[in-house]
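Visitor: Here is my input, please return the structure:
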Amino acid sequence: MSYADLLARGYAARRANDRQTALASFKQAMAIDPRDIRARLEIAAELREMSRLDEAEVGYQAVLAEQPNQLQALLGLGYCARRRGDRVAALAHFQAAAARTATQHLLTAWQEGQSRQRGSGSVPRLRISM
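Guide: Numbering: from 1, shown residues only. Next comes the predicted model:
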């Protein structure tokens, strides 16, 4: 089976609430392409849903070690903390995810503005109201 086929099988198993098959499929996909984070995030999500929070957190942390602003990993850690009843840690993870999302939206808006400004001869300016 290909990487894509294994992911598809994992998603289908997840929809059928077959956590063991989903987890096995995502692990097989990761064995094919260990550097792709999608399967790694799906493994962590399955572990979280199976209440294997320590293992899920290790998976999310491994992704964040490579990509410190990875949104799904930040959210996943927040969900793990919430399941543990650690509201302070959950809030911190969710705030980090929100900050990452806000930063990405601002960057995208700025880049779109840059694209529109090209060719017009004007220099884009960032205005901040206080």
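
Visitor: where does residue 35 land in three-state SS?
Guide: coil (DSSP: H, G, I helix; E, B strand; the rest coil).

Visitor: show me what contacts it?
Guide: Residues near residue 35 by Cβ atoms under 8 Å, 6 or more residues apart in numbering: none. To be clear about C-beta, it is placed using only N, CA and C from the backbone, and glycine gets the same treatment.

Visitor: Let me see the confidence value for it.
Guide: pLDDT for residue 35: 89.

Visitor: Please report phi then psi for it.
Guide: phi -90, psi -20 (degrees, to the nearest 10).

Visitor: From residue 24, how far off is it?
Guide: 20 Å (Cβ to Cβ, to the nearest Å).

Visitor: How about residue 65?
Guide: 25 Å.

Visitor: Show me which of the two is the more surrounded one.
Guide: When neighbours are counted by other Cβ atoms under 10 Å, residue 24 comes out ahead of the other of residue 65 and residue 24, with 17 against 10.

Visitor: Check which helices and strands the host helix or strand of the more buried one sits against.
Guide: Using DSSP states H and E, residue 24 falls within helix 19-32. The contact analysis (3 or more Cβ pairs under 8 Å, 6 or more residues apart in numbering; DSSP states H and E) places helix 19-32 against helix 3-15, helix 37-49.

Visitor: From the contact counts, what lies against the last one?
Guide: Based on contacts counted as 3+ Cβ pairs under 8 Å, 6+ apart, the elements that helix 37-49 packs against are helix 3-15, helix 19-32, helix 53-66, helix 71-84.
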